[in-house]
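Asks: prediction below, plus the sequence it came from.
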Amino acid sequence: MRKIAAMLSAGVLGAVVGLNCNSDVLGGGGDNPNEDLGGNGSDMKGRIDSDAACASVRAAATLQKSPVDVIFVIDNSGSMTAEIVEVEKRINDSFATIIKNSGVDYKIIVVSLHGDSANQRICVKSPLSSTTCNPIPAQPGNTTTFFQHSLDIRSKDSYQKIIASYPNWSSQLRNGAYKTFVEITDDDNEGNFPDGMAASANNFDTKLLALSATHFGTVAKRNYTFHAIVGVVADPTDRLKPYPSTAALVNTKCTSAVNIGTQHQNMAIKTGGLRYPICNTDDYSPVFRAVADSVIKGATVACDFDLPPPPPMQTFKLDTAQLEFTPSGGGAPRIFNQVADQASCKPDAFYFLNNRVQLCGTTCTDVQADSGAKIEFLLECNVIIG
């Protein structure tokens, strides 16, 4: 029996790494050939020799970042013509293209009326959609990375409309994807939800989390960020700079806006989002780029990944597999041990599901918190003879 180690970088996609065999065995385990799993040898004729030497090989191993779903909610009221024109102008080059070029798997969902901006409707052009918008088609040009749910969003009811219309666009959301909302309005949310609850930021957050913990997370760990392009005055130090979530509520309205958007500001502050003056209709590219950068940074390393392929004529023994986690700061390595399944999870542990590594909850959190850390597979291998 021999151990084979495969190095992965938690912060780099598609790294080519070394697989080196030696005589140090981690984790015991018997020589039952029925326990052996893994690629190249599994379809070959011949017997498995657990005492034959492993060969040194090199292989590619990949840790992928989790996908992101971005939901734009755009006000269709009569005062929004210039704002919608600017969104149409910037959503491709200053947003979608930046995310695409980062390598992050993304999908953009727009909840707003489809149509002509002269009528305060939005038509998203290719390459994000499948249409040039000339002429404007009767229906949005939905693609694999873009979906528009055509819905009339008024100045003061976007929270109510998002919750009520959820069944119409929720099928576009992907399990495991981080969610980002971008609210674009020159007013603020008011009124009540159908159950009589005030349509405030806090109650919207409560209802959003209640819709799906899988998609939006929990109070303890939200799986979404809310950005607000609203009626705040520009930052006096730089009119093109978004306000971070750490900045206080902005109480001064920009010139052409109807309202400062208190509820939307509160949502951005609560969830770590950005705020930007909607009145800057000459150029939304700074905030679109800032939101795109936020989306990219928020795409954490996924906590499930494939094994590297075994060397030719060899198989891996997964029942004795371990992972070695080395922090980027140079701390002592930690060994992650294998458990039977998700129900058996504990700290510093992982399990296999369909021959894929699945990191347990706290183990996943530790790996995602250190993008420069390294993970090393520690695997035993057998050689196929004949």
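Replies: Noted; the coordinates are in hand. Residues are numbered from 1 along each chain as shown.
Asks: which parts of stretch 368-381 are buried?
Replies: 368, 370-371, 373-381 (16 or more other CB atoms under 10 Å). (Each C-beta comes from the backbone N, C-alpha and C, glycine too.)
Asks: which of those residues has the weakest pLDDT?
Replies: Lowest in pLDDT among the buried residues of stretch 368-381 is Ser371, which has 69.
Asks: and the next helix or strand past the helix or strand hosting Ile71?
Replies: Element membership for Ile71, per DSSP states H and E: strand 68-74. Taking DSSP H and E as the definition, the helix or strand that follows strand 68-74 towards the C-terminus is helix 81-90.
Asks: now that next one: buried residues?
Replies: 81, 83-84, 86-87, 89-90.
Asks: quick one: contacts of the strand holding Ile71?
Replies: 80, 84, 87, 91, 99, 104-112, 122, 153, 158, 161-162, 169, 172-174, 177-185, 215, 295, 298-299 (CB atoms under 8 Å, 6 or more residues apart in numbering).
Asks: just to revisit the earlier point, which of the buried residues of helix 81-90 lies closest to Ser66?
Replies: Arg90 (25.3 Å; CB to CB).
Asks: which pLDDT value belongs to Val25?
Replies: On the pLDDT scale, Val25 gets 31.
Asks: still on that earlier bit, sort out for me which of the buried residues of stretch 368-381 are in helices.
Replies: Among the buried residues of stretch 368-381, the ones falling in helices (DSSP state H) are Gln368.
Asks: reformat the buried residues of stretch 368-381 as a markdown table; add distance to Pro333.
Replies: A markdown table is the format used below for these (distance: CB to CB, whole Å):
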| residue | distance to Pro333 |
| --- | --- |
| Gln368 | 18 |
| Asp370 | 12 |
| Ser371 | 17 |
| Ala373 | 10 |
| Lys374 | 9 |
| Ile375 | 10 |
| Glu376 | 8 |
| Phe377 | 13 |
| Leu378 | 11 |
| Leu379 | 16 |
| Glu380 | 19 |
| Cys381 | 21 |
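Asks: quick one: end-to-end length of stretch 247-267, please.
Replies: 13 Å (CA to CA, to the nearest Å).
Asks: ok, residues contacting that stretch?
Replies: Under CB under 8 Å, 6+ apart, the answer for stretch 247-267 is 79, 82, 155, 159, 181, 183, 185-190, 199-202, 204-205, 226, 228, 230-234, 243, 269, 273, 275, 277-281.
Asks: stretch 90-105: which residues count as buried?
Replies: 90-92, 94-96, 98-100, 102, 104-105.
Asks: could you do stretch 336-350 as well?
Replies: 336-339, 345, 349-350.
Asks: now secondary structure too, for those residues, in CSV please.
Replies: Shown next, in CSV, are these (DSSP: H, G, I helix; E, B strand; the rest coil):
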residue, secondary structure
Phe336, strand
Asn337, strand
Gln338, strand
Val339, coil
Cys345, coil
Ala349, strand
Phe350, strand
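Asks: got these as JSON lines, with pLDDT and distance to Thr143 columns?
Replies: Shown next, in JSON lines, are these (pLDDT from 0 to 100; distance: CB to CB, whole Å):
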{"residue": "Phe336", "pLDDT": "93", "distance to Thr143": "39"}
{"residue": "Asn337", "pLDDT": "94", "distance to Thr143": "43"}
{"residue": "Gln338", "pLDDT": "95", "distance to Thr143": "40"}
{"residue": "Val339", "pLDDT": "96", "distance to Thr143": "40"}
{"residue": "Cys345", "pLDDT": "96", "distance to Thr143": "38"}
{"residue": "Ala349", "pLDDT": "96", "distance to Thr143": "40"}
{"residue": "Phe350", "pLDDT": "95", "distance to Thr143": "36"}
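Asks: out of the residues you listed, which is nearest to Lys221?
Replies: Looking across the buried residues of stretch 336-350 and measuring by CB to CB, the closest to Lys221 is Cys345, at 16.2 Å.
Asks: spit out the contact partners of the closest residue to the closest one other than its chain neighbours.
Replies: Sequence neighbours aside, Cys360 is the residue nearest to Cys345 in space, at 3.6 Å (criterion: CB to CB, 6 or more residues apart in numbering). Residues near Cys360 by CB under 8 Å, 6+ apart: 339, 342, 345-347, 349-351.
Asks: likewise for Asp157?
Replies: By CB under 8 Å, 6+ apart, the neighbours of Asp157 are 189-191, 199.
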